[in-house]
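**Student:** Structure for the following, please:
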Amino acid sequence: GLIGLGGTAGGAFGSMVVAGLIETLPKAEWLWLCAGVATLIIVLAAMAAKRLPALQDSTDDEPVVDAKPAGNPAMEGARLALQSPYLLSVVAIVGLYEMVSTIMDFQFTSTIVYYLDGDAIGARIAQVFMVTNFVAMGVQLFLTSLVMTRYGVGTALLVLPCAAVLGSAAFMIAPILLFGSALNTCDNGFSYSINQSAKEVLYVPTTRDEKYKAKAFIDMFVQRFAKALAVGLSLIITMVFTGFDSLRWLSLVTVVILFFWIMAVRYVGRKFQDLDTEAAAKLAGQTG
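**Tutor:** Now for the predicted structure:
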């Protein structure tokens, strides 16, 4: 939760700076600013890497029972994910989200370009991202912990798809600038806050190999592959339906994908509760 808050707070601060200075700073100075921040990230990452071995030695008390030589990590992660219905549901959630997010982002940027031109495009995008990041920070501060502790991880994972359904339905009914801009907030405002925190919690009751291998496979291969599918799908539909008015019908595709996403969330939420209860009972038996 705290790490997620750091990310959303950084996004809110950065987008606020961009929205306030986009009309005064030239593009070259923005690039130098990004280079400076990236350099700071590299320094912090190097400092954290130096502390990692000591932290692993002091906190990692789980025994490593599999001493066999390691094979291909990607293939091993895929094997673990395919063998577990629970992890397959996580694969579905991650993959379907990436498809929905890519389609909604395409609709968002196309709407901005259609209604605005010149410097107004950059200013509008900066304003939208500022609103989105402040929504994400507010959700992380006041909603994430409340929903996850009181209503469970399954309910927390439903917030983003429900917001995406509302945003997509509104854009399909009236593809105006306001609703097109709201697509970004419905997606990223909840993705980088409550959805990200709840998604990471799903790996808590899994085994060591599933945490380190299957999760890596899902985060890298599944996400990128789903993005590629969504881009291809968007291109195919826009080739069939020419003109800006056709973009609204992409929301029909989004709603269909969201139906399967919600089904996967409902299953993984119930399964997580079962695994969490089993882990608690096992821990109570060991300490009793």
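**Student:** my guess is residue 261 meets residue 161, correct?
**Tutor:** Yes: at 5.0 Å, residue 261 counts as touching residue 161 under the criterion of C-beta atoms under 8 Å. The way it works is simple: take the backbone N, C-alpha and C, and place the C-beta from them, glycine included.
**Student:** Next, show the common contact partners of the two.
**Tutor:** Common contacts of residue 261 and residue 161 (C-beta atoms under 8 Å, 6 or more residues apart in numbering): residue 100.
**Student:** For residue 214, grab the count of nearby residues.
**Tutor:** For residue 214, the neighbour count with other C-beta atoms under 10 Å is 25.
**Student:** Ok, residue 253 next?
**Tutor:** The tally of other residues near residue 253 (other C-beta under 10 Å) stands at 17.
**Student:** For the residue nearest in space to the middle of the chain, give me its contacts.
**Tutor:** Closest residue to the average C-alpha location of the chain: residue 191 at 4.5 Å, with C-alpha atoms, centre = their mean. Shown in contact with residue 191 (C-beta under 8 Å, 6+ apart): 97, 101, 136, 160.
**Student:** Phi first, then psi, for the last one.
**Tutor:** For residue 160, the backbone dihedrals are phi -60, psi -50 (criterion: degrees, to the nearest 10).
**Student:** which residues touch it?
**Tutor:** Residue 160 makes contacts with 97, 187, 190-191, 194-195, as judged by C-beta under 8 Å, 6+ apart.
**Student:** Next, the buried residues of stretch 259-271.
**Tutor:** For stretch 259-271, a neighbour-count test (16 or more other C-beta atoms under 10 Å) marks 261-262, 264-265, 267-269, 271 as buried.
**Student:** Would you mind listing where the stretch 51-200 of the chain has pLDDT under the threshold?
**Tutor:** Residue ranges of the stretch 51-200 of the chain with pLDDT under 70: 54-71, 73-74.
**Student:** what ranges do the helices span in it?
**Tutor:** Remark: helices assigned in the stretch 51-200 of the chain by DSSP state H, counting those that start in this stretch are 73-83, 85-115, 119-142, 144-150, 153-173, 177-190, 196-201.
**Student:** just to revisit the earlier point, just the buried ones from the contacts of residue 191, in ChimeraX syntax?
**Tutor:** Paste this into ChimeraX to select the buried members of those, with burial taken from 16+ other C-beta under 10 Å:
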select :97,101,136,160
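**Student:** Tabulate the contacts of residue 191 (CSV), appending distance to residue 78.
**Tutor:** Formatted as CSV, the contacts of residue 191 follow (distance: C-beta to C-beta, whole Å):
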residue, distance to residue 78
97, 19
101, 23
136, 31
160, 25
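**Student:** Which single one of the contacts of residue 191 is nearest to residue 14?
**Tutor:** Nearest to residue 14, judged by C-beta to C-beta, of the contacts of residue 191 is residue 136 at 11.9 Å.
**Student:** Test my guess that that closest one contacts residue 188.
**Tutor:** Yes: with contact defined as C-beta under 8 Å, residue 136 counts as touching residue 188 (6.6 Å).
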